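J.: curious how this folds, go ahead:
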Amino acid sequence: IDMAKSGIQTKLGKAFEYACVNALFEKYNSTQDVVIEDTPQMITAKGCFENADDKQQDLMDAAHAAVRVIDRLEPRLKYEDNDTPLILSVQTDATGIAGDVRDVLCIRKGHRWEIGLSCKHNHHAVKHSRLSDQIDFGADWFGYSCSETYFSEVVPKFTELRTLRDESKETGNPALWSELDDKAGDYYEPILQSFMDELARLSEKYSDIPEKLIRYLIGRYDFYKVITDDARRTTRVEAINIAGTLNESSEGHKPITNVPLLKTPTKFYHIGFKEDKGIKSKNTIHVVCDNGWEISMRLHNASSKIEPSLKFDVQLISFPSTLFAQVEPWD
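T.: Here you go, the predicted structure:
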């Protein structure tokens, strides 16, 4: 059932990307040349929108609300200093894996200017990364390899899982996570402990690990995060402005509202298992940094079948107090 639900969620996410493109087009097309890039991913997003029958109006209401907020922040969408068209495009899913979380781009090629939106339909999650015996998360996330110690701890755990999977293939009945007596105690908890120890080891060795962790999780580029809340009929817009590329003035036109820069973290205050009313979680850790950043990372099996890898669900629990965030009602 969850797979079906996540499939619907993915389609609605793509439909919302198209709704945002549509709302931007409707807002700016009457005063300038606006081009919607006709790419396979744009066609996919449009198809998802066209199949979202009874949701279409909500998606458009949500997207129009987002554009109302962004219009006040980005004069270069409205006023251009020469006749370069405003190009609207949808990115491929592969760019997200490569560290660019922006779904929709607004580009002016003549000016080498672009801003991006990360479109979320009723959810806030950031990157979904995996751990396995063959993944060097230190190298992938930060450019610094994990230690021998880390691999000596996690390889045996993932090898056990691989063996369970391979042995079950011979019987023709796939091994299931639900059949394990204590998957959290036997696998999640020790693997997370090794992960936390390695994060601490790396940050002792390299001072920029906290900053690189945030950069990795939220992507390499500044962006506007646009989150619909259908139940409340509101859209929340957050400005993730670390490099300072958002909120630029156009000639003779300043933004109506200023977007502050976000300071990245410089140190870890605490890395540990999440605790709730004195009970320690076996599958979720919290990473608390300076400058107001806090991250929750939950490790889980993405499939009901046993596989020799586990997936993170990452949520940003708190941001710097300077984060620009605005909730815009649809009506």
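J.: if I pick E80, what's in contact with it?
T.: Residues near E80 by Cβ atoms under 8 Å, 6 or more residues apart in numbering: Q32, L86, R108, H111, S250. In this view, the C-beta of every residue, glycine as well, is placed from N, C-alpha and C.
J.: surely it is in a helix?
T.: No. Counting by DSSP: H, G, I helix; E, B strand; the rest coil, E80 is located in no helix; its state is coil.
J.: where strands are concerned, which of the contacts of E80 count?
T.: Per DSSP state E, strands hold the following members of the contacts of E80: L86, R108.
J.: ok, of the contacts of E80, which one's closest to Q134?
T.: Among the contacts of E80, R108 lies closest to Q134 (Cβ to Cβ), at 41.9 Å.
J.: what's opposite G116 in the beta bridge?
T.: When assigned by DSSP bridges, G116 has beta-bridge partners L105.
J.: equivalent analysis for V327, please.
T.: R236.
J.: can you tell me which two in the contacts of E80 are farthest apart?
T.: Between any two of the contacts of E80 (Cβ to Cβ), the greatest distance is 13.3 Å, for Q32 and H111.
J.: where does the chain have its least confident helix or strand?
T.: Lowest mean confidence among the helices and strands of the chain (mean pLDDT, DSSP states H and E): helix 93-97, at a mean of 70.
J.: in the stretch 151-300 of the chain, which spans are helices?
T.: 183, 189-205, 209-218 (DSSP state H, counting those that start in this stretch).
J.: out of those, indicate the one that is most buried.
T.: Counting by mean count of other Cβ atoms under 10 Å, helix 209-218 has the highest mean neighbour count of the helices of the stretch 151-300 of the chain, with a mean of 21.
J.: between it and helix 189-205, how big is the angle?
T.: On the basis of axes from the mean of the first three to the mean of the last three Cα atoms, to 10 degrees, helix 209-218 is oriented at 130 degrees to helix 189-205.
J.: what lies in contact with helix 209-218?
T.: With Cβ under 8 Å, 6+ apart as the criterion, helix 209-218 contacts 99, 101, 126-127, 141-144, 199, 202-203, 240, 242, 264-268, 287, 289-290, 293, 295, 314, 316.
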